[in-house]
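# the sequence and its predicted three-dimensional model are supplied below.
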Amino acid sequence: MRRGRAVTAPLGEPRSDERKEAVRRYFQATPAPADETRAWRFQGAAGVAVVLAVALLVVGLAAGTVVIAVVAVVLFVQGRLLLAEYRRRYAKAEPKPRDADMDMTLRADLRDAAERAMQRLELTRDELELHSYDASQPGERRLAEQGSGPLVVFGPADRSKGRPGVDRVWRFTSYDLMAICPTGHHLAIYRCRLTFDIGGRSEEDTDEYHYADVVAISTRTRPTKEHAITQIDVGLAALPLSRTMIRAFEIVVSSSDRSSIAVSMHDDDQRGKALHLQESGIDQVIRVVRHMLREKKGGVASATGP
């Protein structure tokens, strides 16, 4: 049986001060270099004013000397204040952790959440009829890969903050997570919200359905006013989400209950653009879950496609 490898959390263990500080810096906008340049220009202008004041004093223009000296002091103080503010903001935002370290830490969180799902649902890996590796392509290791564990998908949580990394992949301060655990007789689902800076889970829910009650799995794209993401401007080509469209993965049962999670986002006014999110392998998950449901329902195609 294939098993997931151990994953370290390079930003620090959950709830550690080291981790909180690293993640906070990642999502803190770094001040523009132009802000520092502006502060130094004030300092330079103050220096020029001092030279001019000395020149006026030498030629005996005392009144002009006083005026220019006052201007020099104002420019100097303003420059020092701007420089201090720039350095304060820079210290809060830098150095940022690497994108790879953010992803590796998230991978560790997803692993822990998968283990939590199995505990809450009181399942073992041997009871799973569909495993995470069943949704992986040869030679591929998805960020949400759990080896012989459950299928895990994740997406940005409502009201989270997000920003693109150097690789232009968007990362978020909180995520919604779903662990899908198919057994021989029922489909078990665990959902939670992951707060990334502390690695903490909240809003935990579990659902268990008989396969006969699962009527569809699907992805639906709809406009929404509720799923708001605060974008952090980092000087890259941020996407203004004036009309947010959410692509959500859903598992629907006969009672009309839905287990749903956002898996992609774009602006309907800019259809050629979308936020490049971290890859959870949602398309492969849909494919293998749909195939399993067809088998469980005697070959009847009961699941809808995207």
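Arrived safely, thanks for sending.
# make it CA atoms for all contacts and neighbour counts henceforth
Noted.
# would you map the strands across the stretch 101-250 of the chain?
With DSSP state E, counting those that start in this stretch applied, the stretch 101-250 of the chain shows strands at 151-156, 161-164, 170-172, 174-182, 186-195, 200-210, 214-223, 230-231, 244-253, listed in chain order.
# tell me what the first one is packed against?
It stands for strand 151-156. Other helices and strands packing on strand 151-156, by 3 or more CA pairs under 8 Å, 6 or more residues apart in numbering; DSSP states H and E, are strand 174-182, strand 258-267.
# in TSV: those, plus mean pLDDT.
Compiled in TSV, the helices and strands packed on strand 151-156 are given as follows (pLDDT from 0 to 100):
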stretch	mean pLDDT
strand 174-182	93
strand 258-267	72
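# and stretch 213-223, what's its mean pLDDT?
For stretch 213-223, the mean pLDDT works out to 77.
# ok, and for it, which residues are buried?
Under the neighbour-count criterion of 16 or more other CA atoms under 10 Å, stretch 213-223 has 214, 215, 216, 217, 218, 219, 221 buried.
# hey, least reliable of the strands of the stretch 101-250 of the chain by pLDDT?
Between those, the lowest average pLDDT goes to strand 230-231, which shows a mean of 62.
# got any ranges where this structure has weak pLDDT?
Per-residue confidence of the chain (counting by pLDDT under 70) places the weak regions at 1-7, 139, 222-246, 265-275, 298-306.
# show me the helices in it, by range?
With helices called from DSSP state H, the chain shows them at 17-26, 33-58, 62-93, 99-121, 282-296.
# angle of the shortest one against helix 99-121?
By that I understand helix 17-26. For helix 17-26 and helix 99-121, the angle between their directions (axes from the mean of the first three to the mean of the last three CA atoms, to 10 degrees) works out to 120 degrees.
# packing partners of helix 17-26?
Judged by 3+ CA pairs under 8 Å, 6+ apart, the packing partners of helix 17-26 are helix 62-93.
# what about 10 Å?
The helices and strands touching helix 17-26, judged by 3 or more CA pairs under 10 Å, 6 or more residues apart in numbering; DSSP states H and E, are helix 62-93, helix 99-121, strand 161-164, strand 170-172.
# next: the second one.
Secondary-structure packing of helix 33-58 (3+ CA pairs under 10 Å, 6+ apart): helix 62-93.
# buried residues in the helix it packs on?
65, 68-73, 75-76, 78-80, 82-83, 85-86, 90, 92-93.
# starting at the chain centroid, how far to it?
Helix 62-93 has its C-alpha centroid displaced from the chain centroid by 38 Å (CA atoms, centre = their mean, to the nearest Å).
# now do stretch 166-179
If you compare the mean C-alpha spot of stretch 166-179 with that of the full chain, they lie 3 Å apart, counting by CA atoms, centre = their mean.
# so how far does it reach from one end to the other?
With CA to CA, to the nearest Å applied, stretch 166-179 spans 29 Å between its terminal residues.
# could you do stretch 82-102 as well?
Separation of the first and last residues of stretch 82-102 by CA to CA is 32 Å.
# bridged to the residue positioned nearest the centre of the chain, which residues?
Among the residues of the chain, the one closest to the centroid is residue 172, at 1.7 Å (CA atoms, centre = their mean). Here residue 172 sits in beta bridges with residue 162, going by DSSP bridges.
# residue 14 is nearest to which of the helices and strands packed on helix 17-26?
Distance to residue 14, taken as CA to CA, is lowest for helix 99-121 among the helices and strands packed on helix 17-26, at 8.3 Å.
# the closest one to strand 200-210, inter-axis angle?
If you take the same axes, to 10 degrees, helix 99-121 sits at 50 degrees to strand 200-210.
# give the buried residues for helix 99-121.
99, 102-111, 113-118.
# chain center to that helix: distance?
For helix 99-121, the distance to the chain centre is 14 Å (CA atoms, centre = their mean).
# equivalent analysis for stretch 174-181, please.
A distance of 14 Å separates the centroid of the chain from that of stretch 174-181, by CA atoms, centre = their mean.
# surely residue 70 touches residue 50?
Yes: under the criterion of CA atoms under 10 Å, residue 70 makes contact with residue 50 at 9.4 Å.
# residues in contact with the closest residue to residue 191 other than its chain neighbours?
Counting by CA to CA, 6 or more residues apart in numbering, residue 191 lies nearest to residue 178, which is 4.5 Å off, once chain neighbours are set aside. By CA atoms under 10 Å, 6 or more residues apart in numbering, the contact set of residue 178 is 110, 113-114, 117, 150-155, 189-193, 204-206, 249, 259-261.
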